[in-house]
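Enquirer: Make a model of this:
(one chain, ligands or ions: 2)
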Amino acid sequence: MNSAEHPRDRLPHRVVHALRCSVCGAQVKRADTTVRCHQGHSFDIAKQGYVNLLHARIPAGTADTAPMVAARAAFLGSGVYRPLADVLARLAATHAGDGLIVDAGAGTGYYLARALDAAPKAAGLALDVSALALRRAARAHERAGAAVWNLWEPWPMGDDVASMVFNVFAPRNAEQFHRVLAPGGLLVVATPTAGHLRELGDLVLDVDERKDERLARSLSEYFTRTSRVEVTNRVEFSPELVREVVDMGPTAHHLTDDRRARLEALSSPLDVTTSFAVSVYRAVTA
Ligand SMILES: C[S@@+](CC[C@H](N)C(=O)[O-])C[C@H]1O[C@@H](n2cnc3c(N)ncnc32)[C@H](O)[C@@H]1O
Ligand SMILES: [Zn+2]
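Expert: Ligands and ions are numbered 1, 2, ... in the order given. Next up is the predicted model:
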């Protein structure tokens, strides 16, 4: 293995600098193929390049599974969600500066990589509980690192280390968003709107119409919204894309035989609405 392929090189120094030991909270350093604190707590950097900071088991059913991750990677690779990635990238271009973008629930790192392309001085950290997804995220961009973590636990990161936090269809921990964001930093939350994938009907879960309201309530203690845009398109989905978008989401586990049969039988393309809301928040100052 030459040095360019060494897994620790997938964990940029600036990312390590922002991380903390998940056992004692101390700063960590890279040491060969581990990340460790001065007390000797040590976390392996996997050969695929992500570091696993978790020291507890996570509830079954939380992380995306291998088939879900494969479907997500294939689906995103088609470019149909590119308009959403472009909105996030534009925000990164104007706000990330030379700071760190933390993508909370980053999955395969698709959005983080587009943002880093647009913000040439920034670094990125993909946090996700799915090591399978992070195998891809660790390779998604040379300025991105990836760490396995459960977002519901206090994050293994220092205070004020991020210039932006992204949260794209993933769990939201407002307190931790607030703690890791530097003063003036931005939180960017993407959610599906009610019209998203409407034509797919019961093949995908219904979008909760009150999601916006719930989102606002869950963040209001720490953040105030400064803007909201909707990104809506009609896109032709091949039968393969329809199957991928179903298989990458939570519905895949709950599909009845009848719905699975309908999905498998699809043979012609469908016009499908994709619709997202992107909300930008700033921390409430005391
Ligand atoms: C719908 S996917 C979105 C992934 C990515 N943001 C994207 O849009 O491609 C939700 C992601 O959240 C992750 N996730 C779910 N619960 C989590 C938790 N408690 N902690 C960390 N990640 C979690 C899943 O593993 C999955 O990658
Ligand atoms: Zn430690």
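Enquirer: who touches L53 in this structure?
Expert: 19, 22, 35, 43, 147-149, 156 (CB atoms under 8 Å, 6 or more residues apart in numbering). In this view, the C-beta of every residue, glycine as well, is placed from N, C-alpha and C.
Enquirer: now those residues: which count as buried?
Expert: 19, 22, 35, 43, 147-149, 156 (16 or more other CB atoms under 10 Å).
Enquirer: wait, what's in contact with V246?
Expert: 200, 203-204, 252, 255, 263.
Enquirer: Among the residues you listed, show me the least confident.
Expert: Across these, the bottom pLDDT score, 74, is held by A252.
Enquirer: what's the nearest residue to the residue of the chain found nearest ligand 1 if we skip its chain neighbours?
Expert: Sorted by distance to ligand 1 under CB to the nearest ligand atom, the residues of the chain start with G107, at 2.7 Å. The shortest distance from G107 to any non-neighbouring residue, by CB to CB, 6 or more residues apart in numbering, is to A133 (4.8 Å).
Enquirer: Is the one you found in a helix, a strand, or coil?
Expert: At A133, secondary structure determined by DSSP: H, G, I helix; E, B strand; the rest coil is helix.
Enquirer: now, the most widely separated pair of the buried ones among the contacts of L53?
Expert: Farthest-apart pair in those is V35 and W149; separation 12.6 Å (CB to CB).
Enquirer: Tell me the buried residues in stretch 171-187?
Expert: 172-174, 176-182, 185-187.
Enquirer: start to end distance for that stretch?
Expert: By CA to CA, to the nearest Å, the extent of stretch 171-187 from end to end equals 13 Å.
Enquirer: hmm, back to that, mind listing which of the buried ones among the contacts of L53 are in strands?
Expert: 35, 43, 147-148 (DSSP state E).
Enquirer: closest to N52 among those?
Expert: V148 (4.3 Å).
Enquirer: Tell me the spacing between the nearest residue to that closest one once chain neighbours are set aside and ligand 2.
Expert: Among residues not flanking V148 along the chain, N52 sits closest, at 4.3 Å (CB to CB, 6+ apart). In this view, N52 and ligand 2 are 15 Å apart by CB to the ion, to the nearest Å.
Enquirer: what sits against N52?
Expert: By CB under 8 Å, 6+ apart, the contact list for N52 reads 43-44, 46, 131, 147-148.
Enquirer: next structured bit after the helix or strand containing V165?
Expert: Here V165, judged by DSSP states H and E, is contained in strand 162-168. Using DSSP H and E, the helix or strand that follows strand 162-168 in sequence is helix 174-180.
Enquirer: hang on, the earlier thing: name the element the residue of the chain closest to ligand 1 belongs to?
Expert: Using DSSP H and E, no helix or strand contains G107.
Enquirer: Could you report the neighbour count for it?
Expert: G107: 27 surrounding residues under other CB atoms under 10 Å.
Enquirer: what sits against it?
Expert: Per CB under 8 Å, 6+ apart, neighbours of G107: 64, 69, 72, 126, 128, 130, 133, 137, 168, 170.
Enquirer: Which residues lie in contact with the closest residue to M68 other than its chain neighbours in this structure?
Expert: Spatially, and ignoring its direct neighbours in sequence, M68 is nearest to M248 (5.4 Å; CB to CB, 6+ apart). M248 makes contact with 64, 68-69, 71-72, 75 under the criterion CB under 8 Å, 6+ apart.
Enquirer: and these as CSV, adding secondary structure?
Expert: CSV is the format used below for these (three-state DSSP):
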residue, secondary structure
D64, coil
M68, helix
V69, helix
A71, helix
R72, helix
F75, helix
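Enquirer: Just flag the most distant two among the contacts of G107.
Expert: V69 and V168 (15.0 Å).
Enquirer: Straight-line length of stretch 74-91, end to end?
Expert: One end of stretch 74-91 to the other measures 25 Å (CA to CA).
Enquirer: Give me the contacts around that stretch.
Expert: For stretch 74-91, contacts defined as CB under 8 Å, 6+ apart pick out 108, 110-111, 114-115, 117-119, 164, 166, 168, 186, 188, 190, 229, 231, 233, 235, 237, 241, 244-245, 248, 274, 276, 278, 280.
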